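Chemist: Fold the following and give me the result.
(chains A and B)
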Amino acid sequence: MNDYAKLKDRIAIVGVGNTAYGNFPDNDDYGLGAEAFRNAIEDCGLEKNKVDGLLVCRIPYYARMGEILGLSPRWTVPLPPHGRMSAMGIIEAAAALEAGLCDYAALIYANIGRSRRVNYGGEESPGVWDPFGFTSPGAAHALMFQQHRAMYGTTTRQLAEVSVAFRHHACLNPDAVMKQPISIDDHEAARPIVEPLRLLDYCLINDGAVCVIMTTKERARDLKKRPIMISGIGAREAYETASIANYDPECWYHQARDVGRQVYGMAGVGPSDIDTLMCYDNFSPTVLFSLEGLGFCERGESGGFVEGGALKVGGRLPTNTDGGHLSNSYMQGWALNVEAVRQLRGECGARQVVGAEVAQFCAITPCSRSIIYTRG
Amino acid sequence: MNTDTAQTPSPVLGLYDRPMWESIRKRGMHLQCCQGCGAWQYPPGPGCTACLSENVVWRPVGGGGTILSWVIFHRQYLAAYPAPYNVIAVRIDEGPVMISNLEGDTPSGNWIGQRVALTYAEMPDGAVLPRFTLAA
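Modeler: Have a look, this model is predicted:
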């Protein structure tokens, strides 16, 4: 019987690449994916035809993506266009590389939702609860934040701290979509979408693509840049309420606790060792739930934890230093993993967390995942 | 589209949903209850999610529940639902969580924990929905 913790420091991210982020009606998923792949290949200096593993997410057809890139891999995984897939994919690729199913894996994510006017609610995404007018993932997060507010006294001004900190980071990130700083008052004055959430609690919808190239520790030594190791992984699903998409009456607290136990146990670190956190932020309340579940603060205390700019670079826990989904780009977790790599390489310029050695990605969702990255 | 005659968004009508919606149309909502372990479930499925027994039977629900959470939609996504309107998550007394709407009077402050009673709302297009009112 194998122990998954044996994967510790075995697999590295060696190349990362992304496109510009924005509104690109003249491009498509494949064109964006190819550009991100080219940039990731350039980033690591790997000979393209050595890529023998391909994982695609939100790409219509994996074989067409392979054809466009001139690849004939011996390992292929297509993942659905759900936000929770990024670390699921990275962990699957790590296991495949360790097992020898491939030597070099390229993971490609592309999103063309902005220029194609994707709404994430209403008739385009029919659900069980449409007869009651309950639609859109934001509404489910509004239900959960309402509970958090009632139970713990969390305020929307505290919630605003999340959006304000991430916007601050976006202003330091040349790639980010959003360029204007916002204040807590701006958040409070934004138009309500599904109350108690407002526009600035919602992630962006934009076009773009991200590519990550992974290989084993041994092979990583021959490539251009310092490898970034996968030192911890944690995983737990919450399928009991899957029919109420994106809603969990406990805000995924118990799953996040379990993920934390796994990821910190494997990496041999705790929350206080994390230099920078990359936290899946489809909606701002998810960040509060993540901080509590992973143990950065006690349950119910995330509102107080984030006050005073705690999530900003220079603060107590620099989080989503690229601006996250709220203000950088809606790359559904993939860009946050790239940002973790860049932070540990020291490539982040004005938003660099000085001396960052341990970075954590987490996505607290119906499929919760976390990865701890360290410098190889 | 004229929202007065907008079509109520269709319920999912899979293999397991039809008996439930037929019971709602007759204003006596039934849900599946497991003969093996007694667990109730919603949405309906091929068997009991708790013990995997296939011996699930349709039984009328008592109609009581407690509000878990609530939101107010300020954006219109669906023709039949001009904003603003409320949506509630209700833990019915049998155990499952339902998403629905609160009709009639609404609490002035916190809605969470309020007791509610099942009612049947006829929509402008004739569709019948299981909704809730504050319990007397």
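Chemist: give the contact list for the most centrally placed residue in chain A.
Modeler: For chain A, the residue nearest the mean C-alpha position is residue A:333 (2.0 Å; C-alpha atoms, centre = their mean). By C-beta atoms under 8 Å, 6 or more residues apart in numbering or on different chains, the residues touching residue A:333 are A:83-87, A:280, A:361, A:363. All C-beta atoms are positioned from the backbone trio N, CA, C, and that covers glycine.
Chemist: can we see that at 6 Å?
Modeler: Neighbouring residues of residue A:333 by C-beta atoms under 6 Å, 6 or more residues apart in numbering or on different chains: A:86, A:280, A:363.
Chemist: before we move on, what about residue A:274?
Modeler: Counting by C-beta under 6 Å, 6+ apart, residue A:274 makes contact with A:358, A:360.
Chemist: Tell me the spacing between residue A:3 and residue A:301.
Modeler: 33 Å (C-beta to C-beta, to the nearest Å).
Chemist: what do you get for residue B:83?
Modeler: 33 Å.
Chemist: give me the low-pLDDT residue ranges for chain B?
Modeler: B:1-4 (pLDDT under 70).
Chemist: Spell out which residues of it are next to chain A.
Modeler: Residues of chain B lying near chain A by C-beta under 6 Å from any C-beta of the partner chain: B:8-9, B:11-12, B:43, B:68-69, B:71-75, B:77-78, B:81, B:85, B:87, B:89, B:99-101, B:110, B:112, B:129.
Chemist: picking that back up, out of the contacts of residue A:333, which sit inside strands?
Modeler: residue A:363 (DSSP state E).
Chemist: just curious, which of the contacts of residue A:333 is nearest to chain B?
Modeler: residue A:280 (21.1 Å; C-beta to the nearest C-beta).
Chemist: per-residue pLDDT, that closest one?
Modeler: What the model reports for residue A:280 is a pLDDT of 98.
Chemist: you'd agree it is up against residue A:363?
Modeler: Yes. If you go by C-beta atoms under 6 Å, residue A:280 and residue A:363 touch, sitting 3.6 Å apart.
Chemist: Who are the contact partners of residue A:236?
Modeler: Counting by C-beta under 6 Å, 6+ apart, residue A:236 touches A:255, A:258-259, A:368.
Chemist: Include neighbour count when you put those residues into a markdown table, please.
Modeler: Below are those laid out as a markdown table (neighbours: other C-beta atoms under 10 Å in any protein chain shown):
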| residue | neighbour count |
| --- | --- |
| A:255 | 23 |
| A:258 | 16 |
| A:259 | 25 |
| A:368 | 30 |
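Chemist: Run through the helices of chain B in chain order.
Modeler: With DSSP state H as the criterion, chain B has helices at B:18-25.
Chemist: Kindly report the same for chain A.
Modeler: Ranges of helices in chain A, per DSSP H, are A:29-44, A:62-69, A:85-99, A:137-152, A:156-171, A:184-189, A:217-220, A:253-267, A:284-294, A:302-305, A:334-345.
Chemist: just so I know, which of those lies nearest residue A:228?
Modeler: Nearest to residue A:228, of all the helices of chain A, is helix A:334-345, at 4.6 Å by C-beta to C-beta.
Chemist: what about the residue of the stretch 251-376 of chain A found nearest chain B, neighbour count?
Modeler: Of all residues in the stretch 251-376 of chain A, residue A:251 sits closest to chain B, at 10.4 Å by C-beta to the nearest C-beta. Residue A:251: 25 surrounding residues under other C-beta atoms under 10 Å in any protein chain shown.
Chemist: any idea how far residue A:241 is from it?
Modeler: According to C-beta to C-beta, residue A:251 and residue A:241 sit 11 Å apart.
Chemist: quick revisit: and residue A:3 and residue A:301? which has more neighbours close in?
Modeler: Shown here are residue A:3 and residue A:301; by other C-beta under 10 Å, residue A:301 has more neighbours (15 against 8).
Chemist: So what does the more buried one look like in phi/psi?
Modeler: phi -110, psi 10 (degrees, to the nearest 10).
Chemist: And for it, nearest residue in space, chain neighbours not counted?
Modeler: Counting by C-beta to C-beta, 6 or more residues apart in numbering or on different chains, residue A:292 is the residue found nearest to residue A:301 once chain neighbours are left out, at 7.1 Å.
Chemist: Give me the number of neighbouring residues for that neighbour.
Modeler: 25.
Chemist: Does it touch residue A:299 like I think?
Modeler: Yes. Counting by C-beta under 6 Å, residue A:292 does reach residue A:299; the two are 4.9 Å apart.
Chemist: which residues does the residue nearest to residue A:42 when sequence neighbours are not counted bridge with?
Modeler: Spatially, and ignoring its direct neighbours in sequence, residue A:42 is nearest to residue A:17 (7.1 Å; C-beta to C-beta, 6+ apart). For residue A:17, the beta-bridge partners under DSSP bridges are residue A:211.
Chemist: Contacts only, for residue A:17.
Modeler: Residue A:17 neighbours (C-beta under 6 Å, 6+ apart): A:36, A:39-40, A:43, A:211.
Chemist: residues from chain A in reach of chain B?
Modeler: Residues of chain A lying near chain B (C-beta under 6 Å from any C-beta): A:121-122, A:128-135, A:139, A:142-143, A:146-147, A:150, A:192-195, A:243, A:249.
Chemist: Out of those residues, list just those in strands.
Modeler: The strands in this structure, assigned by DSSP E, contain A:194-195 from the residues of chain A next to chain B.
Chemist: which residues touch stretch A:364-376?
Modeler: Defining contact as C-beta under 6 Å, 6+ apart, one finds that stretch A:364-376 is touched by A:12, A:84, A:87-88, A:227-238, A:252, A:255-256, A:259, A:263, A:267, A:289-290, A:293, A:340, A:344, A:357-363.
Chemist: Thanks a lot, see you next time.
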